[in-house]
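K.L.:
sequence first, then the predicted structure, then my questions.
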Amino acid sequence: MNLNLDCFIGIDLGTSSCKVVLTDTKGKIFASHRVNYSVEIGEGGKAEQDPRIWVEAMKDGVRKILHMTDESYSVRGIGLTGQWSGTVPLSSDGKELYKAIIWMDTRGKKHVQKLTSGFPSISGYRVDKLVRWLRKTAGAPAHSGKDSLAHILYIKNEIPELYQRTYKFLEPKDYLAFKLTGEFKASWDNISLLWVTDNRNPNLIKYDDELIEATGIDKGKLPELISPIDVVGKLSQNVAAELGLPGDVSVISGSGDMQCSIVGAGSVGEGSLLLYAGTSLWITAHTTYKKTDIFHNIASLPSALPGYYFVAAEQENAGNCLEYISRLLSLEGENKYTIIEDLVSSSPAGAKNLVFLPWLFGERTPVEDPYIRGGFYNLSLEHDKGDFLRAVMEGVAYNSKWLLSTVERFISRSKGPLTMSGGVALSSVWPKIFADVFEREIRVVENPNFSTARGAAMIASIGLGYLKAEEIESKISKVYTPDERNFNLYRKRYYHFVNYYWRNRKDMKKLNS
């Protein structure tokens with residue numbers, strides 16, 4: 001580092017960990033740190049986390065990166081990103097009144113379904129209601145119950161005393177901003193899944209009183225809206241002292257993880273596709289138009305960058321599938337991933353006809369279905385651990401190919417390479433499986449597991465005038481070329497995979513509704 005280099009901190013509050021980076025003004029990473037934590041899963045679709053653990057993980061990460069270099073630097077700003085579609089109820093003095101209800105939680109689905117249903121209907125939405133939401137927001141509340149709106153409706157209807165006590169409902173990323181500054185504010189892109197904003201002008205998103213009234217939420221319980229590149233405030237004196245930072249450091253609002261991942265990977269050109277694979281997975285790109293596909297639960301929503309929308313198309317389960325199955329197979333320890341990669345490499349393409357279904361907690365896209373569940377099929381006595389693990393990687397890729405086809409129709413894009421980021425991209429095997437299943441070149445970015453945190457730092461740099469959006473670059477570390485010898489095999493497996501859903505979805509609904 002150079003003497004007194006201008007630097008930025010990027011904080012990515014993920015589902016399973018908090019990642020923190022120190023970068024220069026253009027996003028070059030000098031230091032990084034990750035702090036892990038867990039999710040509390042319960043009956044009835046419960047998925048919660050203690051938000052106070054997030055705060056401690058964030059502070060620990062910031063302190064660690066600030067001591068990873070002996071060079072002199074000046075931190076100019078902190079940018080935020082993180083898991084999207086979560087809800088933290090806070091009192092007027094900032095006290096946490098309940099655990100955070102995160103994006104995996106489906107307990108509010110019946111309240112959303114009641115809110116959106118009626119006759120005549122399309123895909124379960126009363127037509128006039130659907131038209132109103134589509135015209136203003138480009139989407140509509142998901143019937144899965146995983147949107148922020150569903151979380152608040154769950155609290156209002158089933159824990160009314162908590163609803164009455166709540167001063168503000170904040171998204172996870174905006175909760176961290178409050179903890180750093182004491183300001184109850186939210187970036188307008190991050191609030192989209194409340195479905196109460198008018199998104200027709202991407203440069204000026206605002207609350208819509210008609211939509212708020214339709215949901216039954218009290219407007220006073222919602223935070224002030226600002227742009228993702230706006231300053232939330234300065235670090236509070238107590239937090240600055242605790243972190244070892246000067247009090248003049250600005251906290252920039254930032255954006256949700258999906259929006260921010262595009263920036264961090266450098267896929268800022270319109271139509272440039274990003275495959276992000278971490279705990280969950282998404283395939284996304286920037287667009288300049290508002291559009292909706294209600295049949296596949298895809299919409300273009302406000303982006304982190306001014307003047308743009310981004311394609312919101314998320315697959316619920318990816319890296320968490322491998323974590324779950326490897327734990328069941330008792331694969332733990334420091335060499336866990338080396339062992340997994342060796343086992344997967346010992347299994348042939350197609351995993352000896354073993355197929356994995358990655359729907360461990362329902363699915364959001366390309367089909368919105370909270371009732372489907374995962375598993376293996378076509379299991380026989382010949383299969384070993386390597387086959388199980390390869391089948392997991394391939395099953396996630398099959399579902400992602402299904403998602404890719406819908407996204408490319410949505411943006412009218414022809415076939416081409418995909419940029420890849422997220423923790424899954426650290427594997428030397430899994431990106432190659434994606435390349436073979438997709439029949440596309442996969443380009444993995446540098447530091448893929450910290451690219452979203454990098455994006456948060458870059459948005460902060462843009463917000464404070466150190467960087468321009470057009471200067472953002474994609475830094476590629478590895479390129480995976482598809483193997484034509486596997487195309488025919490994977491096409492057949494993909495066909496069976498998709499057909500399994502259509503043949504069994506009704507039975508899974510009976511089991512899980």
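P.N.:
Structure received.
K.L.:
wait, a helix at residue 321?
P.N.:
Yes - Residue 321 forms part of a helix when assessed by DSSP: H, G, I helix; E, B strand; the rest coil.
K.L.:
can you give me the separation between the closest residue to it other than its chain neighbours and residue 392?
P.N.:
On the basis of Cβ to Cβ, 6 or more residues apart in numbering, the spatially nearest residue to residue 321 that is not a chain neighbour turns out to be residue 358, at 4.9 Å. In short, each C-beta sits where N, CA and C put it, glycine included. Here the criterion is Cβ to Cβ, to the nearest Å. By it, residue 358 lies 7 Å from residue 392.
K.L.:
touching both of those two, which residues are there?
P.N.:
Taking Cβ atoms under 8 Å, 6 or more residues apart in numbering as the contact criterion, the common neighbours of residue 358 and residue 392 are residue 321.
K.L.:
mind listing the strands for the stretch 101-250 of the chain?
P.N.:
121-122, 125-126, 168-170, 185-187, 197-198, 206-207, 224-226, 231-234, 250-252 (DSSP state E, counting those that start in this stretch).
K.L.:
which other residues reach the last one?
P.N.:
Around strand 250-252, the neighbours that count as contacts under Cβ under 8 Å, 6+ apart are 76-80, 177, 180-181, 228-235, 459-460, 463-464.
K.L.:
one more time with 6 Å
P.N.:
77, 78, 79, 177, 180, 181, 231, 232, 460, 463 (Cβ atoms under 6 Å, 6 or more residues apart in numbering).
K.L.:
hang on, the fourth one packs against residue 231?
P.N.:
No - checked against Cβ atoms under 6 Å, the pair residue 177 and residue 231 is beyond contact range at 10.2 Å.
K.L.:
avg pLDDT for stretch 147-156?
P.N.:
Per-residue pLDDT over stretch 147-156 has a mean of 97.
K.L.:
could you do stretch 87-107 as well?
P.N.:
Taken as a whole, stretch 87-107 has a mean pLDDT of 96.
K.L.:
end to end on that stretch, go ahead and measure it.
P.N.:
Across stretch 87-107, the terminal residues are separated by 13 Å (Cα to Cα, to the nearest Å).
K.L.:
is residue 431 in a helix, a strand, or coil?
P.N.:
Recorded secondary structure, residue 431: helix (three-state DSSP).
K.L.:
in contact with it, which residues?
P.N.:
The neighbours of residue 431, taking Cβ under 6 Å, 6+ apart as the test, are 420, 425, 442, 444, 480.
K.L.:
at 8 Å what do you get?
P.N.:
Applying Cβ under 8 Å, 6+ apart, the residues near residue 431 are 420, 424, 425, 442, 444, 478, 480.
K.L.:
out of the residues you listed, who's nearest residue 101?
P.N.:
Proximity of those to residue 101, judged by Cβ to Cβ, is greatest for residue 424, which lies at 25.8 Å.
K.L.:
for residue 94, see how far away the residue nearest to that closest one when sequence neighbours are not counted is.
P.N.:
Nearest in space to residue 424, with sequence neighbours left out and distances taken as Cβ to Cβ, 6+ apart, is residue 277 at 3.6 Å. Distance check for residue 277 against residue 94: by Cβ to Cβ, it reads 35 Å.
K.L.:
neighbour count for those two, which is higher?
P.N.:
Applying other Cβ atoms under 10 Å to residue 277 and residue 94 shows that residue 277 carries more neighbours, namely 25 against 14.
K.L.:
now do the phi/psi pair for that one.
P.N.:
Reported as degrees, to the nearest 10, the phi and psi values for residue 277 are phi -130, psi 110.
K.L.:
next, the buried residues of the helix or strand harbouring residue 388.
P.N.:
Secondary-structure element containing residue 388, defined by DSSP states H and E: helix 385-411. Applying a neighbour-count criterion of 16 or more other Cβ atoms under 10 Å, one finds 385-408, 410-411 buried in helix 385-411.
K.L.:
count of neighbours near residue 383?
P.N.:
18.
K.L.:
no, scratch that, I was asking about residue 308
P.N.:
When neighbours are counted by other Cβ under 10 Å, residue 308 registers 22.
K.L.:
and residue 491, by the same measure?
P.N.:
Taking other Cβ under 10 Å as the neighbour definition, residue 491 ends up with a count of 12.
K.L.:
how far away is it from residue 350?
P.N.:
Taken as Cβ to Cβ, the spacing of residue 491 relative to residue 350 amounts to 11 Å.
K.L.:
against residue 409, how distant is the residue nearest to residue 321?
P.N.:
As defined by Cβ to Cβ, residue 358 lies at a distance of 22 Å from residue 409.
K.L.:
among the strands of the stretch 101-250 of the chain, which is nearest residue 293?
P.N.:
Ranking the strands of the stretch 101-250 of the chain by their distance to residue 293 (criterion: Cβ to Cβ) puts strand 121-122 first, at 12.5 Å.
K.L.:
that closest one pairs with which strands, parallel or anti?
P.N.:
Strand 121-122 pairs in its sheet with strand 125-126 (antiparallel), by DSSP bridges.
K.L.:
contact partners of the strand it pairs with?
P.N.:
Everything outside strand 125-126 that qualifies as a contact, by Cβ under 8 Å, 6+ apart, is 116, 117, 118, 119, 120, 140, 294.
K.L.:
so which of those is surrounded by the most neighbours?
P.N.:
The most neighbours of any of those, using other Cβ under 10 Å, belong to residue 140, which has 24 neighbours.
K.L.:
isn't that one right up against residue 195?
P.N.:
Yes - counting by Cβ atoms under 8 Å, residue 140 touches residue 195, with 6.5 Å between them.
K.L.:
shared neighbours, these two?
P.N.:
Contact criterion Cβ under 8 Å, 6+ apart; residues bridging residue 140 and residue 195 by contacting each: residue 133.
K.L.:
by mean pLDDT, point me to the weakest helix or strand of this protein.
P.N.:
Per-element confidence for the chain was summarised using mean pLDDT, DSSP states H and E. The lowest value among helices and strands belongs to strand 292-293, with a mean of 88.
K.L.:
quick one: contacts of it?
P.N.:
Residues outside strand 292-293 that contact it (Cβ under 8 Å, 6+ apart): 134, 138, 139, 140, 298, 299, 300, 406, 409, 410.
K.L.:
next SSE downstream of that strand?
P.N.:
Along the chain past strand 292-293, the next helix or strand (assigned with DSSP H and E) turns out to be strand 298-302.
K.L.:
quick check: mean pLDDT across that following strand?
P.N.:
The predicted confidence, averaged over strand 298-302, sits at 90.
K.L.:
in three-state terms, how would residue 78 be classified?
P.N.:
Under three-state DSSP, residue 78 falls in the strand class.
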